[in-house]
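[1] Okay, sequence plus prediction incoming.
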Number of protein chains: 2
Amino acid sequence: MHMLKNDIALLHRLADTAAEAILPHFRQLPSIENKAAEGFDPVTIADKAAETAMRRVLEEAAPDDAILGEEQDDRAGTTGRTWIIDPIDGTRGFMTGLPTWGVLVAIAEADGPHTGMMSQPFVGDRFFASPEGAFHADASGRTRPIATRECPTIDQAILASTSPRDFDPASRARFETLADACRMVRFGTDCYAYAMLAAGHIDVVVERGLKPFDIAPFVPIIERAGGSLTDWSGNRIGPTLPSAYGGEAVAVGDKRLLEPILAILNG
Amino acid sequence: MHMLKNDIALLHRLADTAAEAILPHFRQLPSIENKAAEGFDPVTIADKAAETAMRRVLEEAAPDDAILGEEQDDRAGTTGRTWIIDPIDGTRGFMTGLPTWGVLVAIAEADGPHTGMMSQPFVGDRFFASPEGAFHADASGRTRPIATRECPTIDQAILASTSPRDFDPASRARFETLADACRMVRFGTDCYAYAMLAAGHIDVVVERGLKPFDIAPFVPIIERAGGSLTDWSGNRIGPTLPSAYGGEAVAVGDKRLLEPILAILNG
């Protein structure tokens, strides 16, 4: 874990690069002709253009590190460091013109991601973490540390999840039981849910079917902000990324919530 | 329906006024002490401060019009015009720090709202309509006309709704049937769903339990953009606002979708 300051500078540079590639395509409607050719739509174009541009930056700035991206083949490295990149997390938000998608980048070593960033370039939000701490930078560039909030019991908790329809029937039933027990439920959150949990506005995020790209930066962001990020059995997600991740996530801002939530999800 | 240009200028002024009152409270965490006093939280403070400030503007600029606001008593008028204001639509989005809430203002006469605006000040989006057309203004102030998109069949449609948990069991079952028939479903959308339908990024919005404040500006915005906004029986919402609105909404961008959707919702 060397050159931490350079890593954060490089995360900001990658976020700038992705923004430049993506924003011209946001809220652009595909023509009827474009729609006919499969996959040839604004989100796919933006996703591919951003990943290509981000890989070009990494080839120059971190040529010996491995790269794991959503759109293109993995690149092997020699340093033990892997860059995990998702140019557009939340494609449904992007497609519907909502400013809820994000650019995700993380750096993982043997124990999982230790540095990462979520950037929402249309809004100007950046959430990031190194082993030194977790931070939010706003549209003006003002940066402040973030921390999860206290929430000792489920009945006080705000729960977030992208869609209850993303669960299989059995896990959906357990999710609904949890939702009934919480104070409030918010859907349609994508990557913002994890960022807002780290910043103290959401108490619990429960999802399934995630890919390593979808969650990697939130390992350091949530852990450094004081919360925990595990699978539905309570195992830290970090060490399973990128190779052995099963796609389950339970994020809590207050660790006292973890045990009762796991009891419901596995009940 | 006089002084249309002045009405739009006044909508922008009200949006500015609301932004100034609300933004200092967005993403501010309530202290433990504040939490204890019921309702004394950032969203309530911001909601009340914005409505007070907006009413002050209207008292000077439109002293003879009626006002219907969420937080304070109705004000009677003598002109036949009613300002319908909701300083923060989407309080769950506001509470969770997501940039998906909006400031809603509409002007209604006997046939319903004919002029209205949704403003999202953190993002810088404004969607508005007069009887002359529907428009989007971005953060830089660039304004362009908006229009709904073609979508002839349900299987091609993107459906949006704030939460499936907002429905009673019978209507939820029908909503899920509709969701199964659509190409994609997006939750957590609040007022943005109606704006994005008007701008051609979403095809259908189905909700229940709305208040007149939640929907008023979208009558002119959606109708002038080429879509329709009705209750679950297919009746135009406009004439029922503000006094006889039952809280149901079906918005479609392409009117060919309306009949098959109503068949499912009433099936």
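    Received, thanks.
[2] burial of the closest residue to residue A:26 other than its chain neighbours, as a residue count?
    Using C-beta to C-beta, 6 or more residues apart in numbering or on different chains and skipping residues adjacent in sequence, the residue nearest residue A:26 is residue A:122, 6.1 Å away. For the C-beta atoms, the positions are set from N, CA and C on the backbone; glycine is no exception. Residues contacting residue A:122 under the criterion other C-beta atoms under 10 Å in any protein chain shown number 24.
[3] Residue A:122: which element?
    For residue A:122, there is no host helix or strand (DSSP states H and E).
[4] ok now do it, which residues does it touch?
    Going by C-beta atoms under 8 Å, 6 or more residues apart in numbering or on different chains, residue A:122 touches A:23, A:26, A:99, B:123.
[5] of all those, which comes closest to residue B:151?
    For the contacts of residue A:122, the residue nearest residue B:151 by C-beta to C-beta is residue A:26; the value is 20.2 Å.
[6] related to what we said a few turns ago, now do the phi/psi pair for the residue nearest to residue A:26.
    phi -70, psi -40 (degrees, to the nearest 10).
[7] which ones are touching the residue of chain A found nearest chain B?
    Nearest to chain B, among the residues of chain A, is residue A:188, at 2.0 Å (C-beta to the nearest C-beta). By C-beta under 8 Å, 6+ apart, the contact set of residue A:188 is A:93, A:98, A:100, A:162, A:163, B:100, B:162, B:186, B:187, B:188, B:189.
[8] hang on, the second one packs against residue B:189?
    The reference is to residue A:98. Yes: using C-beta atoms under 8 Å, residue A:98 makes contact with residue B:189 at a distance of 6.9 Å.
[9] quick one: what helix or strand has residue A:135 in it?
    strand A:133-137.
[10] related to what we said a few turns ago, just among the contacts of residue A:122, which is most surrounded?
    Of all the contacts of residue A:122, the highest neighbour tally under other C-beta under 10 Å goes to residue A:99, namely 26 neighbours.
[11] mind checking how far it is from residue B:173?
    32 Å (C-beta to C-beta, to the nearest Å).
[12] Get me the contact residues on the stretch 51-200 of chain A for chain B.
    Proximity of the stretch 51-200 of chain A to chain B, by C-beta under 8 Å from any C-beta of the partner chain, involves residues A:92-93, A:95-100, A:122-123, A:125, A:149, A:158, A:160, A:162-165, A:179, A:184-189, A:192-193, A:196, A:199-200.
[13] could you flag which of these are buried?
    A:92-93, A:95-100, A:122-123, A:125, A:149, A:158, A:160, A:162-164, A:179, A:184-189, A:192-193, A:196, A:199-200 (16 or more other C-beta atoms under 10 Å in any protein chain shown).
[14] can you put the contacts of residue A:188 in CSV and add secondary structure, pLDDT and distance to residue B:110?
    Compiled in CSV, the contacts of residue A:188 are given as follows (DSSP: H, G, I helix; E, B strand; the rest coil; pLDDT from 0 to 100; distance: C-beta to C-beta, whole Å):
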residue, secondary structure, pLDDT, distance to residue B:110
A:93, helix, 94, 39
A:98, coil, 96, 34
A:100, coil, 95, 38
A:162, coil, 95, 42
A:163, coil, 94, 41
B:100, coil, 95, 33
B:162, coil, 95, 30
B:186, strand, 96, 35
B:187, strand, 97, 35
B:188, coil, 95, 35
B:189, coil, 95, 30
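[15] okay if I get the residues you listed as CSV plus distance to residue B:241?
    Below are those laid out as CSV (distance: C-beta to C-beta, whole Å):
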residue, distance to residue B:241
A:93, 29
A:98, 25
A:100, 29
A:162, 32
A:163, 30
B:100, 23
B:162, 19
B:186, 25
B:187, 25
B:188, 25
B:189, 21
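[16] Looking at the residues you listed, which is nearest residue B:42?
    Of all the contacts of residue A:188, residue B:42 sits closest to residue B:100, with 15.9 Å by C-beta to C-beta.
[17] which intervals of chain A have sub-threshold pLDDT?
    Residue ranges of chain A with pLDDT under 70: A:1-5, A:30-40.
[18] That one: strands as residue ranges?
    Under the criterion DSSP state E, chain A carries strands at the ranges A:66-69, A:82-89, A:102-109, A:112-120, A:125-130, A:133-137, A:143-145, A:158-161, A:184-187, A:204-207, A:228-230, A:249-252.
[19] what angle separates the longest one from strand A:133-137?
    So that's strand A:112-120. Relative orientation of strand A:112-120 and strand A:133-137, computed by axes from the mean of the first three to the mean of the last three C-alpha atoms, to 10 degrees: 10 degrees.
[20] How far away from the center of its chain is strand A:112-120?
    Relative to its chain's centre, strand A:112-120 lies at 8 Å (C-alpha atoms, centre = their mean, to the nearest Å).
[21] Kindly report the same for the first one.
    Averaging C-alpha positions (C-alpha atoms, centre = their mean) puts strand A:66-69 16 Å from its chain's average.
[22] Name the residues that touch that strand?
    By C-beta under 8 Å, 6+ apart, the list of residues contacting strand A:66-69 reads A:51, A:54-55, A:58, A:74-77, A:79, A:81-87, A:212-213, A:242.
[23] Pop the domain breakdown of chain A in here.
    A:2-145, A:154-265 (automatic domain parsing).
[24] tell me the most buried of those domains?
    domain A:154-265 (a mean of 21; mean count of other C-beta atoms under 10 Å in any protein chain shown).
[25] Can you check the distance spanned by that one, start to finish?
    With C-alpha to C-alpha, to the nearest Å as the measure, the ends of domain A:154-265 fall 13 Å from one another.
[26] what does stretch A:161-174 give?
    Where stretch A:161-174 begins and where it ends lie 13 Å apart, using C-alpha to C-alpha.
[27] for residue A:12, what are its contacts?
    A:117, A:126.
[28] how does it look with 10 Å?
    A:105, A:117, A:119, A:126, A:128, A:137, A:141 (C-beta atoms under 10 Å, 6 or more residues apart in numbering or on different chains).
[29] Make a markdown table out of the residues you listed and add distance to residue A:11.
    What follows is those, written out as a markdown table (distance: C-beta to C-beta, whole Å):
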| residue | distance to residue A:11 |
| --- | --- |
| A:105 | 6 |
| A:117 | 4 |
| A:119 | 8 |
| A:126 | 8 |
| A:128 | 6 |
| A:137 | 11 |
| A:141 | 14 |
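[30] And these, which two are furthest apart?
    Pairwise distances across those (C-beta to C-beta) peak at 18.2 Å, for the pair A:105 and A:141.
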